[in-house]
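Q: quick one: sequence plus predicted model below, questions after.
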Amino acid sequence: MARIALKWIVVALVAASLLLVAAIALARLRPALPTTITLTQVPVDNIAVPLDAAGAGMQVLEDVSLSLKLAPYPPRAGVESSLTIVAIDRATQAIRPITPTLEVAALDAVSGESFEMQADVSGAHSATDQFFPAAGEWRMRVLVDFGAAEPHSVLILANAR
């Protein structure tokens, strides 16, 4: 009985040794994996501003809050719509002067149609036109020029019905 137990112990030790040798061989054959992971930051202008049920949304930059309003919302194809944008200084709560430009394109289109945004006495800028000639998904991009650096881009996705 002791001999049978001793044989099984020897068999187990040989099997464990073979597994250990195989693990070491596989570890040496495995290509070296990079030890550092590079994180890429998604540009803010590639993130769509979510609009609530009333068509209002906000994008917060470092020192400015951009408030947006699309009316009517959800937009209707072939019907006149308006987009309003206001830039508010986060520190002073004052309206910041901006020069916005609006471009509307179908979601799968490379470029679209540009619309001029007019300022009103309150400091808000708006454009009104038939932005969505057909039903479907549309991309609205507002380039907001603060006058100092490169213009900031605001993306809005809309589904015209």
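A: That came through, no problem. What you are looking at is a predicted structure, and each value in this text was computed from that prediction instead of being measured.

Q: where in this structure is pLDDT low?
A: 30-46 (pLDDT under 70).

Q: do a quick rundown of the helices in it.
A: Along the chain, the stretches classed as helices by DSSP state H are 2-29.

Q: show me the residue at the heart of it, geometrically.
A: Taking C-alpha atoms, centre = their mean as the criterion, residue 47 is the residue nearest the geometric centre of the chain, at 2.4 Å.

Q: show me what the closest residue to it other than its chain neighbours is bridged to.
A: Nearest residue to residue 47, sequence neighbours excluded (C-beta to C-beta, 6 or more residues apart in numbering): residue 155, at 6.8 Å. All C-beta spots, glycine's among them, are computed from the backbone N, C-alpha and C. For residue 155, the beta-bridge partners are residue 48, residue 141 (DSSP bridges).

Q: in terms of contact, does residue 155 touch residue 50 like I think?
A: No - using C-beta atoms under 8 Å, residue 155 is not in contact with residue 50, being 10.7 Å away.

Q: so these two - more neighbours on which side?
A: Regarding residue 155 and residue 50, a neighbour count based on other C-beta atoms under 10 Å identifies residue 155 as having more, with 16 against 11.

Q: now do the more buried one against residue 60, distance only.
A: 15 Å (C-beta to C-beta, to the nearest Å).

Q: ok, residue 102 - how many residues close by?
A: 23.

Q: contact partners for it?
A: Under the criterion of C-beta atoms under 8 Å, 6 or more residues apart in numbering, the neighbours of residue 102 are 83, 114, 115, 116, 117, 127, 140, 141, 142.

Q: any idea how far residue 134 is from residue 79?
A: 12 Å.

Q: more crowded one of these two?
A: Summary of the neighbour comparison: residue 134 and residue 79, criterion other C-beta under 10 Å, with residue 79 having more neighbours (13 against 9).

Q: now that one: phi and psi?
A: Here the main-chain torsion angles of residue 79 (degrees, to the nearest 10) amount to phi -110, psi 140.

Q: for the remainder of this discussion, apply numbering that starts at 29.
A: All right, first residue 29 from here; so that's residue 107.

Q: looking at it, it is touching residue 158, isn't it?
A: Yes - in this structure, residue 107 sits in contact with residue 158. The criterion is C-beta under 8 Å, and the distance is 7.0 Å.
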